[in-house]
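Chemist: Quick one, what's the 3D model for this:
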Amino acid sequence: MLSLTTRRLPARIFGAASILMLASCGGSGSASSPTPPTATTYSLHFDGVQQFARSTLVGPPSLPVVTVEAWVRPDALTGPSSYGGMVVADGAWNLALTHNSPGRVATSVCVPGCNGAFTGANALSVGTWHHLAMSFDGASIELYLDGVLVDSTPHTGGANNPPFIDIGRWANSGSFTGEIDEVRIWSVARTATEIADTRHQILTGSEPGLFAYWRFEEGTGQTSADSTGNGNTVILGADANAAADDPTWAGGGAPVS
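Modeler: The predicted model follows:
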């Protein structure tokens, strides 16, 4: 397991512009026979201004229920915008920091209307890795911080089928400053025990209900593979060409093994 205080390396390496749909240290060409996972080495770092990564989902399943997980390590808890988007399916659900209340995590499900679950202020610390999870079962939104349930809000509806997911940005609402790693999207509402028991574990990619899993272990290039083998490749920035809106590869990574 990596230290929680591992510092980010300011390294930036550009690679080929082509999209490698199934190339990943933790990925595979088939969801039924994933490559054994390796230790966490990299993450993505976002500048809080314009950088983001996006996956245009391939054949998204019906997601009336959903679980979203991510490890985050903020460099700042405030910013010029209202929010610091971490993992966002705009128009469906989001996981973000609120910049007007530093260190407060907000999540919401917006079908048919928006309801949210929240931490208190200063729930996150600068320079520290935290695990976040939002679980929605069709009746309530639950928010977990470091494996512990911190808020639950009633909400009746569906989570909708997002055409894409943005990482590090909530369009028109603001961007995250810091590192993001081990992003997992599930088509099931995970329980408190499941979230707590696997947050420090590298998954195989074939777990039931795991729809997309980005480990960000490439360390170079313009894409990151979906380790489930479902082909939900992440592209750094707006397209596969190197540009200022690309997040950078960072050394260290989340404390999973």
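
Chemist: Who does residue 177 form a beta bridge with?
Modeler: residue 47 (DSSP bridges).

Chemist: In this structure it contacts residue 75, no?
Modeler: Yes. Assessed by CB atoms under 8 Å, residue 177 is found in contact with residue 75 at 4.7 Å. Using the backbone N, CA and C atoms, a C-beta is placed for each residue, glycine as well.

Chemist: okay, those two: which has more neighbours?
Modeler: Per other CB atoms under 10 Å, whichever of residue 177 and residue 75 has more neighbours is residue 177, with 22 against 15.

Chemist: From residue 100, how far off is the more buried one?
Modeler: Distance, residue 177 to residue 100, using CB to CB, to the nearest Å: 15 Å.

Chemist: circling back to that earlier point, now the common contact residues for residue 177 and residue 75.
Modeler: residue 48 (CB atoms under 8 Å, 6 or more residues apart in numbering).

Chemist: Identify the residues contacting residue 71.
Modeler: 43, 129-132, 180-182, 199, 254-256.

Chemist: just those residues now: which is nearest residue 248?
Modeler: Checking the contacts of residue 71 against residue 248 with CB to CB, the nearest one is residue 43 at 9.9 Å.

Chemist: State the number of residues packed around the closest residue to the closest one other than its chain neighbours.
Modeler: The shortest distance from residue 43 to any non-neighbouring residue, by CB to CB, 6 or more residues apart in numbering, is to residue 181 (3.7 Å). When neighbours are defined as other CB under 10 Å, residue 181 has 25 of them.

Chemist: Name the residues linked to residue 181 by a beta bridge.
Modeler: residue 71.

Chemist: picking that back up, out of the contacts of residue 71, who's nearest residue 109?
Modeler: Closest to residue 109, out of all of these and judged by CB to CB, is residue 132, at 15.1 Å.

Chemist: ok, that closest one touching residue 69?
Modeler: Yes. Shown here, residue 132 and residue 69 form a contact pair, counting by CB under 8 Å, at 7.0 Å.

Chemist: Please identify which of the two sits among more neighbours.
Modeler: residue 132 (27 against 23).

Chemist: For that one, give its distance to residue 138.
Modeler: Residue 132 is 21 Å from residue 138, by CB to CB.

Chemist: likewise residue 239?
Modeler: On the measure of CB to CB, residue 239 and residue 138 end up 36 Å apart.

Chemist: secondary structure class for the residue nearest the centre of the chain?
Modeler: Closest to where the C-alpha atoms of the chain average out (CA atoms, centre = their mean) is residue 183, at 3.6 Å. The three-state label given to residue 183 by DSSP: H, G, I helix; E, B strand; the rest coil is strand.

Chemist: mind listing what it touches?
Modeler: Residue 183 makes contacts with 68-70, 87, 167, 212-214, 216, as judged by CB under 8 Å, 6+ apart.

Chemist: can you give me the helices in the stretch 1-150 of the chain?
Modeler: With DSSP state H, counting those that start in this stretch, there are no helices along the stretch 1-150 of the chain.

Chemist: how about the strands of it, start to end?
Modeler: 42-47, 53-56, 66-74, 83-89, 93-98, 104-109, 115-118, 130-136, 140-145, 148-154 (DSSP state E, counting those that start in this stretch).
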